[in-house]
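Q: Can you look at this prediction? I've put the sequence above it.
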Amino acid sequence: MEYSGITLVTGAAGFMGSHMVEYLVSQGVRVRATARPRRDTTFFDRLGVEYVGADLTREETLPPLFEGDVDRVFHFGAVCNFSTPYEKLYPINVLGVERITRLALEKGVKVFVHVASTDVYGAYKGIPFTEESPRQPVDDYGRSKRDGEDVVFRRMEEGLPAIIIRPCTVYGPRCNDGAGKVFSRPSSIMAIPGSGRQLLSNVRAEDVAAAAYHLSLREECLGQVYNLAEDTHPTVEEALLLAAEAFGTRPPRLHLPLWLVKASARLEGWRAARKGVIPDLEYDAVRFLYDDYIVDNSKIKATGYRFIYPDFRESMRQMKEWYESGKWKEEPGPGKYEGG
């Protein structure tokens with residue numbers, strides 16, 4: 001598939017969305033970035049990207065996003081954490097999808113790439129999650145992402161050419177939300193949850209962007225769902241130790257029983273809520289630490305996609321170099337996360 005018009009990226013001021021914008025610019029794509037109206041557009045100005053403020057919860061602000069020759073959409077606009085209740089997730093993660101997909105269908109875009117999450121699968125049942133695994137979310141965030149997917153599936157039946165991607169735990173430079181922030185910057189986690197032998201699935205934000213772009217170029221991928229996960233599955237203990245080494249923090253040595261971790265997470269969540277921030281370890285995230293969490297990535301690899309960071313260990317070594325270089329202090333980022 002070929003594109004000559006404007007590519008719209010929603011949620012462009014967020015973690016994953018900002019990486020999508022950067023990747024598209026590196027490919028010579030004409031980009032229109034959008035998120036909630038903001039004063040500081042330095043990140044987008046530096047990249048030479050058009051920025052149009054809009055709000056997924058305010059329908060009247062959305063039509064200008066599709067003015068001109070918009071022919072592709074990457075929809076990253078969402079709230080991505082376990083601490084926000086469903087009633088606050090719904091206006092963005094579900095109704096926002098209703099609004100943006102309707103406009104995309106009316107515009108006649110060539111492809112709409114929707115960013116979901118492997119959290120729609122729910123609790124691990126002993127076998128790797130594939131795209132055909134039942135969607136049985138166990139938390140508000142997962143339920144909101146499942147319901148958002150259902151909107152896209154209905155739009156597909158109405159004629160919207162769409163692709164759904166389901167990243168697992170996303171980490172990388174500028175991560176400031178979700179479980180991946182533990183592997184993206186110094187954290188306050190000082191103990192290893194449980195045995196620490198639980199296996200994890202992760203994916204770098206740069207790979208989410210590159211894979212989304214890769215899929216958008218292939219007509220045979222329309223109407224399909226794709227998991228996004230690295231090839232390797234580090235243990236919880238190994239991942240936390242690698243993160244401590246990367247960001248120069250004290251490595252956790254003490255193992256805490258998971259019931260105590262849950263209690264600590266609840267207390268930290270209460271403290272964080274009073275400060276208006278998201279805790280490093282969210283209460284609902286602890287339930288995923290009782291078992292392995294392995295995501296199958298064979299379907300995306302069958303399309304010919306090759307991961308930039310297939311190995312978590314090598315990726316964390318690169319994160320260490322990035323952090324020690326101090327580039328994170330110099331490079332303008334998109335700022336605080338703004339869903340939509």
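A: That came through, no problem. Residues are numbered from 1 along each chain as shown.
Q: Walking through the stretch 1-150 of the chain, point out its helices one by one.
A: Along the stretch 1-150 of the chain, counting by DSSP state H, counting those that start in this stretch, helices occupy 15-26, 42-47, 86-93, 95-107, 140-158.
Q: same deal with the stretch 151-300 of the chain?
A: Per DSSP H, counting those that start in this stretch, the stretch 151-300 of the chain carries helices over the ranges 205-216, 236-247, 258-275, 283-286, 298-302.
Q: who does the second one touch, helix- and strand-wise?
A: This points to helix 236-247. For helix 236-247, the elements it packs on are strand 191-193, helix 312-325, judged by 3 or more C-beta pairs under 8 Å, 6 or more residues apart in numbering; DSSP states H and E. Using the backbone N, CA and C atoms, a C-beta is placed for each residue, glycine as well.
Q: quick one, what contacts V113?
A: For V113, the contact set (C-beta atoms under 8 Å, 6 or more residues apart in numbering) comprises R72, V73, F74, H75, A162, I163, I164, I165, A212, L215, S216.
Q: beta partners for the fifth one?
A: Beta bridges link A162 to F112, judged by DSSP bridges.
Q: Spit out the contact partners of it.
A: When contacts are counted by C-beta under 8 Å, 6+ apart, A162 is found next to T101, V111, F112, V113, H114, V152, R155, M156, L222, G223.
Q: got it, and the third one?
A: With contacts defined as C-beta under 8 Å, 6+ apart, F74 is in contact with T7, L8, V9, T10, G17, M20, L24, V113, V115, A212, S216.
Q: same thing with the first one?
A: The contact partners of R72, taken as C-beta under 8 Å, 6+ apart, are Y3, G5, I6, T7, L8, V109, K110, V111, F112, V113, S216.
Q: Contact partners for the closest residue to it other than its chain neighbours?
A: Of all residues not flanking R72 in the chain, T7 sits nearest, at 4.5 Å (C-beta to C-beta, 6 or more residues apart in numbering). By C-beta under 8 Å, 6+ apart, the contact set of T7 is L24, V29, R30, V31, R32, V70, D71, R72, V73, F74.
Q: Poorly predicted segments of the chain, please.
A: Counting by pLDDT under 70, the chain contains low-confidence ranges at 329-340.
Q: again, only this time at 90
A: 1, 38-39, 80-84, 174-179, 181, 187-191, 258-290, 325-340 (pLDDT under 90).
Q: residue at max distance from the center of it?
A: Distance from the C-alpha centroid of the chain, by C-alpha atoms, centre = their mean, peaks at L254 (29.9 Å).
Q: just checking, that residue touches P193?
A: No - judged on C-beta atoms under 8 Å, L254 makes no contact with P193 at a distance of 10.5 Å.
Q: for Q136, what are its contacts?
A: Q136 touches Y121, G122, A123, counting by C-beta under 8 Å, 6+ apart.
Q: nope, P193 is what I was after
A: Taking C-beta under 8 Å, 6+ apart, we find P193 in contact with V236, H255, L256, L258, V261, L281, V286, L289.
Q: I'd like those laid out as CSV, including neighbour count and distance to L105.
A: Shown next, in CSV, are the contacts of P193 (neighbours: other C-beta atoms under 10 Å; distance: C-beta to C-beta, whole Å):
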residue, neighbour count, distance to L105
V236, 21, 42
H255, 14, 51
L256, 17, 49
L258, 17, 45
V261, 20, 45
L281, 23, 40
V286, 20, 39
L289, 22, 40
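Q: hey, which of the helices of the stretch 151-300 of the chain is tucked in deepest?
A: The highest mean neighbour count among the helices of the stretch 151-300 of the chain, using mean count of other C-beta atoms under 10 Å, belongs to helix 205-216: a mean of 23.
Q: How about the contacts made by E158?
A: The contact partners of E158, by C-beta under 8 Å, 6+ apart, come to L105.
Q: where does it sit relative to I92, distance-wise?
A: Distance of E158 to I92, computed by C-beta to C-beta, to the nearest Å: 22 Å.
Q: swap in M16?
A: Relative to I92, M16 is positioned 14 Å away (C-beta to C-beta).
Q: Any chance of TSV for the contacts of T7, columns distance to E321?
A: Shown next, in TSV, are these (distance: C-beta to C-beta, whole Å):
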residue	distance to E321
L24	25
V29	28
R30	32
V31	28
R32	33
V70	38
D71	38
R72	33
V73	34
F74	28
